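1. Take a look and give me a structure for this.
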Amino acid sequence: MTMDDRDRLSVEFEASRPRLRAQAYRMLGSHEEADETVQDAWLRVGRADAGAVDNLGGWLTTIVARLCLDRLRARRSRPEHPAGMQPPEPTVADPTGPEDEAVLADSVGAALLVVLDRLSPAERVAFVLHDVFAVPFDEIGTIVGRSPDATRQLASRARRRVQGATATGAVDLVHRRAVVEAFLAAARAGDFRGLLAVLDPEVVLRPDDTTVRIGNVPETRGAQPVGAFMVRGGSALRLALVDGVAGLAWMPGGRILGAVELTIVGDHIVALELTRDPEHLARLDVVLLDD
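-> Numbers count the residues shown, from 1 in each chain. Presented below is the predicted three-dimensional model:
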């Protein structure tokens, strides 16, 4: 590996580190193991010849996924040493209306990690890579040693098990991401009609105190005024995982200065929470998805 190749690889790896760490965490359910896995990946990368690799991002994803798969299989052989995650207390015991369903749907990020412990290692890797990170099945197949069709079945079986382990069957990360992507595409394109198609008529936009103070953005209700606001700021939005589920990062000038958490019920967004407070933003796990 030439010095130029090593420098390019180092820059690419550091830029990808937050995404790789998020990937490892969602597969392993442990921040410590995720950090160790990413570090192991860097050691392997440093010994490999990356000069002929066209898609470094995809290559790094593959390396981390394989390391996670090895850890999950080793964990299965030592059941006396579980990951140690405890199920969170349910937010809503018996949802009866759209608001209750929305609160329960927003708890998916934490609950998902617990449910994933019930999957086999290959199921977990296939589900996380496809449903959370949108990696194609043919690429996942090379990681888990299955054909694309068999990998699709792995992810489908995992998805059914995840849905069956939740009170409402509301864990549908693919659908949620599709709604967020449709919203983002319309906002970026200035497509007001497209925004209205994914916004609930009674949608509410709730800014935090910092957003109100700095941006002079009041709480806003109704699809038309919320849509008009999002069209004005759409060019600075990026698709991201926000605490484990699809959301938006606000990046004027290329830096993450805010986050948008979305409450989705069915096919519509019923609430948007805008965060610009630096301390709150630092506590959120924001990982860009549209590199």
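2. longest single helix anywhere in the chain?
-> When the chain is parsed with DSSP state H, its longest helix is helix 3-28.
3. In that helix, which residues are buried?
-> Neighbour-count burial for helix 3-28, counted by 16 or more other CB atoms under 10 Å, picks out 8-9, 12-13, 16-28. (C-beta placed from N, C-alpha, C; glycine too.)
4. And stretch 44-64, by the same measure?
-> Those would be Val45, Ala50, Val53, Leu56, Trp59, Leu60, Thr61, Thr62, Ile63, Val64, for stretch 44-64 by 16+ other CB under 10 Å.
5. Just these: which are in helices?
-> Reading helices off the buried residues of stretch 44-64 with DSSP H, I get Val45, Leu56, Trp59, Leu60, Thr61, Thr62, Ile63, Val64.
6. how near is the first one to Val245?
-> What that stands for is Val45. 29 Å (CB to CB, to the nearest Å).
7. Helix or strand with the lowest mean pLDDT in the protein?
-> Ranked by mean pLDDT, DSSP states H and E, the helix or strand of the chain with the weakest confidence is helix 98-106, at a mean of 40.
8. Can you pull up the most central residue in this structure?
-> Leu241 (3.3 Å; CA atoms, centre = their mean).
9. and that one, what are its phi and psi?
-> Here is the backbone geometry of Leu241 (degrees, to the nearest 10): phi -90, psi 130.
10. so what's the residue lying closest to it once chain neighbours are set aside scoring on pLDDT?
-> Spatial nearest neighbour of Leu241, excluding adjacent residues (CB to CB, 6 or more residues apart in numbering): Val287 at 4.5 Å. At Val287, the model reports a pLDDT of 85.
11. where along the protein do the helices fall?
-> Going by DSSP H, the chain shows helices at 3-28, 31-47, 56-77, 98-106, 108-116, 121-127, 137-144, 148-164, 173-189, 192-198, 209-215, 223-233, 278-283.
12. Single out the most deeply packed of these.
-> With neighbours defined as mean count of other CB atoms under 10 Å, the helices of the chain peak in mean count at helix 121-127, which reaches a mean of 24.
13. among the buried residues of stretch 44-64, which one has the lowest pLDDT?
-> Comparing the buried residues of stretch 44-64 by pLDDT, Ala50 comes last, at 60.
14. low-confidence ranges in the stretch 151-291 of the chain?
-> For the stretch 151-291 of the chain, applying pLDDT under 70 flags the ranges 163-172, 290-291.
15. how about a cut-off of 80?
-> For the stretch 151-291 of the chain, the stretches flagged by pLDDT under 80 are 159-174, 215, 243-245, 283, 290-291.
16. and which of the ones in helices among the buried residues of stretch 44-64 is nearest Asp267?
-> The nearest member of these to Asp267, counting by CB to CB, is Thr61 at 29.5 Å.
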